[in-house]
Each structure stands twice: as C-alpha cells, then as structure tokens.
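Undergrad: Fold the stuff below for me.
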Amino acid sequence: MAAPATPQPRLRPGAPPLLLLLTALATAFACHHLPPRHDTFPWDSLQLLQAMAPSPTQPCHPHQAPLFPDTLLHTNHPQQAAANALRILQHLFHTLSSPSTPQHWDAQARHHLLNSLQHRIHHLEQCVPTNWMLFKRQGPRNLSLTINKFFRDIQHFLRTHHHSACAWDHVRLQARAAFQQVDALLRQMKSQATPESRRGSTKAC
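TA: Below is the predicted model of the structure:
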C-alpha cells in the first residue's frame, strides 16, 4: 500500500507581512549598531583613494565614460539602503583589486583601502538579512540592477580603453562618487532604522 502523502506546510495569510516586519526590525537593529568607525568609513576611504591615486597633472576626458548613477537614494527601506551600500562596496572591491590598475598608484594606500573595504563589507553582510533576496519584490529592484549595470559598464569601459591610465583616472573619479553615495546610504539607513525599530516596539506591546 502506498504511503500517505506528507502534508505540505502552509503559510498563514498573515505570515509574509509578519516575516517582512521581523526582517526589517532585525536589519534595523543590526544596522543601527554598526561599529563607530563605520560612520567615518566613506570619508576615510576618500582620503585613502586620494593617497592611492592622486589627480593627474593633465586631466583627460575619455570618450563615452560611464557616470555613477545618482538615483540610488530613492528608497524608503533601511534594508534596501544597506543592501545597496553593500553591493556598491563589493563592486568597488572587485574593481580596485584588479591587477591592471596603473603602476604609478601607491601600493600601500591601495592595500589599506582594500583592507578597509573588506572589513566594511563583512560588517554589512552581518547587517543585511541573508534572505533579503526573498523580498526583492517589496522594494525597488531596479536600484540593484542599476548598480550592477554601472559596474559592468565600468569593466567594459576599461577593456575598451585597454586599461589605460586615463581610463583608470575616470574610474577613480567614479569611485569617489560611489563612496559619497555609500555615505549617504549609510546615513539614510540609520535614520530610517531608528523610527522603524520604535514602531516595531510599539506594535509588540
């Protein structure tokens, strides 16, 4: 005789919103309690970037250079802001750790910058929920696509210009814009996390 079918667990109608709320509250708490040095990380990174790759004496203007998008702050979710900041830092680490960076860039400053990026990526990975992908539809998914497309364009731009010093200088400028965007996202994340956690505490009472 065939074994009886195992009943499949069913989510209660209120489960997804509750799960989203718990995820948001967990993110709010974790992101709001990042290490103190996290606040100065973007600006410390800008100083390291300047030390690693000083401005050229003769600025160049490469053709069809991609520009960092300025639309990434349009989100009302602290977990979305944290996920965007994490994705930007991951792409920056991948780009700046390339072996094709210019030889005149300062190797020690580059090592310090990459080491700092690794630490911040690790902290944000603890902050962003591991099941964030389940909730993509709850937020502006096109923001993550915009980030990914920009860094794909950067890689294509470098290849097209044969990883020239001029092309890398443009990447340096866009990295500056990216770090400034990360600073804004982290500030937004913390400012949104505090009232959201308070609302959650009120609902729990």
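Undergrad: Hmm, Asp153 is touching Gln64, no?
TA: No: using C-beta atoms under 8 Å, Asp153 makes no contact with Gln64, being 9.3 Å away. C-beta here means a position set from N, CA and C on the backbone, and glycine is covered the same way.
Undergrad: quick one: which of these two has more around it?
TA: Taking other C-beta atoms under 10 Å, Asp153 and Gln64 do not tie; Asp153 has more neighbours (15 against 9).
Undergrad: does that one count as helix, strand or coil?
TA: helix (DSSP: H, G, I helix; E, B strand; the rest coil).
Undergrad: Nearest spatial neighbour of it, chain-adjacent residues omitted?
TA: Pro66 (4.0 Å; C-beta to C-beta, 6 or more residues apart in numbering).
Undergrad: mind checking which helix or strand of the protein has the lowest mean pLDDT?
TA: helix 15-32 (a mean of 46; mean pLDDT, DSSP states H and E).
Undergrad: then the helix or strand just after that helix to CSV, C-alphas only?
TA: On the C-terminal side of helix 15-32, the nearest following helix or strand under DSSP states H and E is helix 41-52. This file holds the C-alpha atoms of helix 41-52, laid out as CSV (Å, rounded to 0.1, in the frame of the first residue of the first chain):
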residue,chain,number,x,y,z
PHE,A,41,34.5,54.9,6.7
PRO,A,42,33.4,56.6,3.5
TRP,A,43,35.5,59.7,4.2
ASP,A,44,38.4,57.7,5.4
SER,A,45,38.1,55.8,2.1
LEU,A,46,38.1,59.0,0.1
GLN,A,47,41.4,60.0,1.8
LEU,A,48,42.9,56.6,1.0
LEU,A,49,41.7,56.8,-2.6
GLN,A,50,43.3,60.2,-3.0
ALA,A,51,46.6,58.9,-1.5
MET,A,52,46.4,55.8,-3.7
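Undergrad: Buried residues, helix 41-52. List them.
TA: Judged by neighbour count (16 or more other C-beta atoms under 10 Å), helix 41-52 contains these buried residues: 41-42, 44-46, 48-49, 52.
Undergrad: Kindly report the same for stretch 60-68.
TA: 62, 65-66, 68.
Undergrad: Check stretch 105-115 too.
TA: 105, 109-110, 112-113.
Undergrad: Just the ones of the residues you listed in helices?
TA: If you go by DSSP state H, the buried residues of stretch 105-115 have 109-110, 112-113 in helices.
Undergrad: residue ranges with poor pLDDT in the chain?
TA: 1-39, 57, 72-75, 129-141, 192-205 (pLDDT under 70).
Undergrad: If anything else comes up later, I'll come back, but that's it for now.
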